[in-house]
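S.K.: Whatever this is, show me its structure:
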Amino acid sequence: MTTATTRQGTTSTLSIWKFDTPQGAETALGILERLQVQRLVVVDDASVVTWPVGRRRPRTYQAGSFAGAAALSGAFWGLLFGLLFLLPLAGLALGAAAGAAVGLTRIGLSDEFLQQIRDKITPGTSALFLLTHAAVVDRLAEAFAGAHAELLVSNLSHDEEAALRQAFDADH
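M.R.: Numbers count the residues shown, from 1 in each chain. Take a look at the predicted model:
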């Protein structure tokens with residue numbers, strides 16, 4: 001999911017990186033922290049999904065920003081991870097869940113998108129969900145090269161990213 005204007009007037013990118021091991025995303029988080037200390041990337045928000053083999057569901061948590069407050073609220077990450085990993089088990093029969101799914105569709109997170117992510121993030125893998133400044137996807141691809149990272153998605157229109165921030169901005 002990608003590019004739109006942030007509060008500072010620069011562009012931001014929401015990207016999802018999948019790793020071949022349950023520890024890969026947490027290792028990549030350390031790489032990101034070093035890149036940010038070196039001022040090579042700016043991380044507005046990060047969330048991690050780890051899914052050890054043998055577990056029914058993945059473990060998810062919001063890592064936030066290394067520089068301070070997270071850009072998005074925990075509500076966004078909770079909703080997204082619930083739709084990805086919990087509701088497929090329970091079904092979307094719940095009215096509130098269906099309404100939430102419709103809201104995410106407005107920002108580019110369609111049922112097809114969610115299914116694509118579900119198909120990729122499986123037991124024995126992990127994922128790093130990032131909101132970063134500017135076009136750093138190529139820099140991250142280089143940094144994650146040895147970690148067997150796969151970029152799953154990087155496409156949000158300006159309007160979709162603005163809707164995402166309006167709905168889930170941590171400052172509201």
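S.K.: so the nearest residue to residue 52 once chain neighbours are set aside is in which element?
M.R.: Closest residue to residue 52 apart from its sequence neighbours, by CB to CB, 6 or more residues apart in numbering: residue 22 at 4.5 Å. Where you see a C-beta, it was placed from the backbone N, CA and C, and this is true even at glycine. Counting by DSSP states H and E, no helix or strand carries residue 22.
S.K.: Can you get me a residue count around residue 29?
M.R.: The local packing of residue 29 (other CB atoms under 10 Å) involves 18 other residues.
S.K.: returning to what we had before: enumerate every residue touching the residue nearest to residue 52.
M.R.: 50, 51, 52, 53, 124, 125, 126 (CB atoms under 8 Å, 6 or more residues apart in numbering).
S.K.: and with 10 Å instead?
M.R.: 49, 50, 51, 52, 53, 55, 58, 59, 123, 124, 125, 126 (CB atoms under 10 Å, 6 or more residues apart in numbering).
S.K.: Which member of those is positioned nearest residue 110?
M.R.: Distance to residue 110, by CB to CB, is smallest for residue 49 among those, at 19.4 Å.
S.K.: Wasn't the closest one part of a strand?
M.R.: Yes - counting by DSSP: H, G, I helix; E, B strand; the rest coil, one finds residue 49 located in a strand.
S.K.: and which of the contacts of residue 22 is nearest to residue 79?
M.R.: Comparing the contacts of residue 22 against residue 79 with CB to CB places residue 49 closest, at 14.1 Å.
S.K.: Does that closest one touch residue 123 like I think?
M.R.: No - applying CB atoms under 10 Å, one finds residue 49 not in contact with residue 123, separated by 11.4 Å.
S.K.: Can you show me the CA trace of the helix or strand hosting residue 132 as CSV?
M.R.: In this assignment (DSSP H and E), residue 132 forms part of strand 125-133. Extracted in CSV, the C-alpha atoms of strand 125-133 (Å, rounded to 0.1, in the frame of the first residue of the first chain):
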residue,chain,number,x,y,z
THR,A,125,6.3,-17.4,8.7
SER,A,126,6.1,-13.8,10.0
ALA,A,127,5.3,-10.4,8.7
LEU,A,128,6.2,-6.8,9.3
PHE,A,129,3.6,-4.1,8.5
LEU,A,130,5.2,-0.7,8.1
LEU,A,131,4.1,2.9,7.7
THR,A,132,7.3,4.7,6.6
HIS,A,133,8.2,8.1,5.1
